[in-house]
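In: task: produce atomic coordinates for the following.
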Amino acid sequence: MKILRKLYYVSGLAISFFVFFLVVSANRIYANDGIDGSFNVREFGASGDGNTLDSKYIQAAIDSCYRSGGGIVFFPAGRYLTGSILLKSNVFLEIGSGATILGSTSISDYKDSNFIYAEGAKNIGIIGSGFINGQGDSFWKGKERPYLRPRFVIYFHDCENVTIKDINIRNAPRFSIYLRGCDIVRVDGISIINDRDAPNTDGIDPSGSSNVFISDCYISTGDDAICLKSDDAKSVTSNVVVSNCILETDDSAIKCGTASWGIIRNSTFNNVVIKNSRYGIALFMKDGGKYENLKFSNILLQTETAEFAKPGRYSFPIFMDIEKRTEGSPLGQIKNISFDNINIETYNGNCLFLGQPDDEIKDVVMNDITMKVLKRIDYSKRHKPRGTRTLENVASNDYAYVSSHLTFAYVNGLTIRNFNIKDDDPDTDFERYSFWGKDMENVLIDGMKTEQIIKNKSYPTMELIDGRDVIIRDCEPDSNKAGFLGIEGRDSHNIKLIDNDLTGTSKDVILGGGASKGAVHVWNREGKK
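Out: Predicted structure coming up:
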């Protein structure tokens, strides 16, 4: 029995020492202080005082780590002033708690306008709970264009297996994260905060990159929050998954373009909160490329409120446009785009979808969408957004002036199911159509409901100009003295109204502008024709 007790005591003591060893090891790993594979930048000469330029010491730590086969270059608490940093294969930067990497305010300290960058590297990353501060306002605030400034905070080109996790980016001089030609990228749990007035300070831009996962991020910035691009005709941006993010911006929260020479396809955007943004979701096609198979779902979308709206500027919860950047540019394509379970609140904006007579937007699906409009304003002098400062406000397919909650032109294949519009403006000015469409075909509008504090007197609920093969079914317009559906154009044909609740509406159909009686067929809910 005594022997058993001794064995029990010895084994218990051994277990206690083993647990103690695990705890100490875990703490050392967490701190990355002196463990194998960790290279502390201070041990290579970095001062971390925020005043001394530490570039060469940080690069020495990276180079040593790379020559050793890879590992972690660790930044303990401190402020590390630096210019360009070249990251290499199998090397991770870990910015520890209390540590900040400060971008130099002298452009001469940057190589090719890059801050933290990598070219053709594999298995790289930037992790940790610390900060990267680009000190961007020193390059643009109080200065005139063109700004001489670093182009990127983080720039990875032709890299594979990239991780950016938990870091905090502040005050970027221009683009925050640019991923060009990369494959297998994980951006997880980071925050990006830039001045709302800071020009070109995009959040995350994948261009020609594939298999990109962006999740659990908070981005508040002066330009596009997440922007997919294709920089040349061979560029393909595909398999991008964005989920569980909160986005706020002075421009587009989620955007494709304007760089659109190649292909952007097969990507999803899910569980996203958009707030105080000029454009919620925007697709700018200008350079002859192709956008296809893009899905937007489970999104709370708020355009900029009265607090942020600037005089003479308009917002667009959803915007989609095909045009030429220059007279010689080819027309591009937009097709197979879906929107599901979107809750929109807009102060003064509307949704605008613009194809071209020779190049229609194709196959758009909108399911289960609620749009709350707080303020109607005068659209008569409004122009569509161009997405770049270099283009004037003149375009052949510009129907931004139409006073409508939903405006479509040159669209082939549109399905709308369960779209509820709540017009909460008590002002009697600037009536709006709920839906306005020009040169559309193969359209199904099933279950659109409109609620208005002030009822229309002049505009019908819907207006179609040269609509073809259109079904409008199970809709519930608010009472309207001007009628339900206006039809214009000699090319209008095969328009069917089926089982709509037109109680309180003066007329089912108003014909004008060359439209014939035979273009439309009406069945009300009582089965009468």
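
In: hang on, isn't F269 packed against F296?
Out: Yes. Using CB atoms under 8 Å, F269 is in contact with F296, at 4.8 Å. To be clear about C-beta, it is placed using only N, CA and C from the backbone, and glycine gets the same treatment.

In: common neighbours of these two, please.
Out: The contact sets of F269 and F296 overlap at 254, 281 (CB atoms under 8 Å, 6 or more residues apart in numbering).

In: what about N480, distance to G136?
Out: The span separating N480 from G136 equals 51 Å under the rule CB to CB, to the nearest Å.

In: higher neighbour count, the two?
Out: Higher neighbour count among N480 and G136: G136, with 27 against 24, using other CB atoms under 10 Å.

In: and the more buried one, what does it touch?
Out: Contacts for G136 (CB under 8 Å, 6+ apart) come out as 103, 149, 171-174, 194-195, 198, 201.

In: select from the residues you listed the one having the most neighbours.
Out: Counting by other CB under 10 Å, top hit in the contacts of G136: A172 with 34 neighbours.

In: quick check: bridge partners of the nearest residue to G332 once chain neighbours are set aside?
Out: Excluding its sequence neighbours, the residue lying closest to G332 (CB to CB, 6 or more residues apart in numbering) is M285, at 4.1 Å. Taking DSSP bridges as the rule, M285 bridges to I322.

In: and M285, how close does it get to R432?
Out: Note on M285: its distance to R432, by CB to CB, is 26 Å.

In: same check, this time on I416
Out: 17 Å.

In: near D427, how many other residues are there?
Out: Count around D427 with other CB under 10 Å applied: 10.

In: and the pLDDT at it?
Out: We have a pLDDT of 89 for D427.

In: hmm, I454 and it touching each other?
Out: Yes. D427 lies in contact with I454 (CB under 8 Å); the separation is 7.0 Å.

In: how far out from the middle of the chain is the host helix or strand of F339?
Out: Secondary-structure element containing F339, defined by DSSP states H and E: strand 333-346. Averaging C-alpha positions (CA atoms, centre = their mean, to the nearest Å) puts strand 333-346 12 Å from its chain's average.

In: also stretch 262-276?
Out: Distance, centroid of stretch 262-276 to centroid of chain: 5 Å (CA atoms, centre = their mean).

In: would you mark the buried spots in that stretch?
Out: 262-267, 269-270, 272-276 (16 or more other CB atoms under 10 Å).

In: and for stretch 442-453?
Out: By 16+ other CB under 10 Å, the buried positions in stretch 442-453 come out as 443-450, 452.

In: cool, stretch 134-141 as well?
Out: 134-140.

In: which stretches of this structure have low pLDDT?
Out: Low-confidence segments of the chain (pLDDT under 70): 1-37, 392-394, 525-529.

In: how does it divide up, domain by domain?
Out: Using automatic domain parsing, the domain ranges for the chain come out as 1-31, 36-210.

In: rewinding a little: tell me the first helix or strand C-terminal of the strand holding F339.
Out: By DSSP H and E, the next helix or strand past strand 333-346 is strand 351-354.

In: extract the C-alpha trace of that next one and format it as CSV.
Out: Taking Å, rounded to 0.1, in the frame of the first residue of the first chain, the C-alpha atoms of strand 351-354 are listed here in CSV:
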residue,chain,number,x,y,z
CYS,A,351,-31.0,51.9,-57.3
LEU,A,352,-29.7,52.4,-60.8
PHE,A,353,-29.0,49.6,-63.4
LEU,A,354,-27.7,50.8,-66.8
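
In: where do the helices of the stretch 301-450 of the chain begin and end?
Out: Using DSSP state H, counting those that start in this stretch, the stretch 301-450 of the chain contains no helices.

In: and the strands in it, which stretches?
Out: Secondary structure of the stretch 301-450 of the chain (DSSP state E, counting those that start in this stretch): strands at 316-322, 333-346, 351-354, 361-373, 404-423, 433-452.

In: would you format the ones you listed as a markdown table with distance to V73 included?
Out: Output for the strands of the stretch 301-450 of the chain, formatted as a markdown table (distance: least, CB to CB, whole Å):
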| stretch | distance to V73 |
| --- | --- |
| strand 316-322 | 42 |
| strand 333-346 | 42 |
| strand 351-354 | 47 |
| strand 361-373 | 47 |
| strand 404-423 | 52 |
| strand 433-452 | 56 |
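
In: relative to K290, which of these is closest?
Out: Nearest of those to K290, taken as CB to CB: strand 333-346 at 4.5 Å.

In: what's the closest one packed up against?
Out: The contact analysis (3 or more CB pairs under 8 Å, 6 or more residues apart in numbering; DSSP states H and E) places strand 333-346 against strand 279-285, strand 290-303, strand 316-322, strand 361-373.

In: hang on, the earlier thing: who has more neighbours out of M285 and R432?
Out: Ranked by neighbour count (other CB under 10 Å), M285 and R432 place M285 first, with 29 against 24.

In: which ones are touching that one?
Out: Per CB under 8 Å, 6+ apart, neighbours of M285: 256-257, 260, 291, 321-323, 332-334.

In: any idea how far N442 is from I471?
Out: Taken as CB to CB, the span from N442 to I471 is 9 Å.

In: ok, I126 next?
Out: 52 Å.

In: more crowded one of these two?
Out: The neighbour count for I126 versus I471, taken as other CB under 10 Å, is higher for I126 (28 against 15).

In: can you report phi and psi for that one?
Out: phi -130, psi 120 (degrees, to the nearest 10).

In: run through the bridge partners of it.
Out: Going by DSSP bridges, I126 is paired in beta bridges with L93, I164.

In: what do you get for I274?
Out: Beta-bridge partners, per DSSP bridges, of I274: L247, L301.

In: pull up the gap between it and S207, please.
Out: According to CB to CB, I274 and S207 sit 22 Å apart.

In: again, but for I263
Out: 12 Å.

In: ditto for Y178
Out: Taking CB to CB, one finds Y178 at 7 Å from S207.

In: same drill for the two, tell me which one is more crowded.
Out: Between Y178 and S207, counting by other CB under 10 Å, Y178 is the more crowded of the two (24 against 21).

In: mind listing what the helix or strand encompassing E463 pairs with, with the direction of each?
Out: Assigned by DSSP H and E, E463 falls within strand 462-465. Take DSSP bridges as the rule and strand 462-465 pairs in its sheet with strand 433-452 (parallel), strand 485-488 (parallel).

In: so who does I126 touch?
Out: Taking CB under 8 Å, 6+ apart as the test, what I126 contacts is 87, 92-93, 95, 116, 132, 154, 163-165, 167.

In: report the central residue of this structure.
Out: Centroid-nearest residue in the chain: I254, 1.3 Å away (criterion: CA atoms, centre = their mean).

In: what are the contacting residues of stretch 242-255?
Out: Here stretch 242-255 makes contact (CB under 8 Å, 6+ apart) with 196-197, 203, 214-228, 267-284, 296, 301, 304, 308.

In: quote the end-to-end distance of it.
Out: Chord length of stretch 242-255, first to last residue, is 12 Å (CA to CA, to the nearest Å).

In: just checking, C159 touches Y117?
Out: No. C159 is beyond contact range of Y117, at 9.6 Å (criterion: CB under 8 Å).

In: between those two, tell me which one has more neighbours.
Out: C159 (26 against 23).

In: distance of that one relative to K88?
Out: Using CB to CB, C159 is found at 10 Å from K88.

In: hey, what's in contact with both of the two?
Out: Common neighbours of C159 and K88 are listed as 118, 121, 124 (criterion: CB under 8 Å, 6+ apart).

In: what's the neighbour count on Y399?
Out: The tally of other residues near Y399 (other CB under 10 Å) stands at 20.

In: quick one, phi/psi of it?
Out: phi -120, psi 30.
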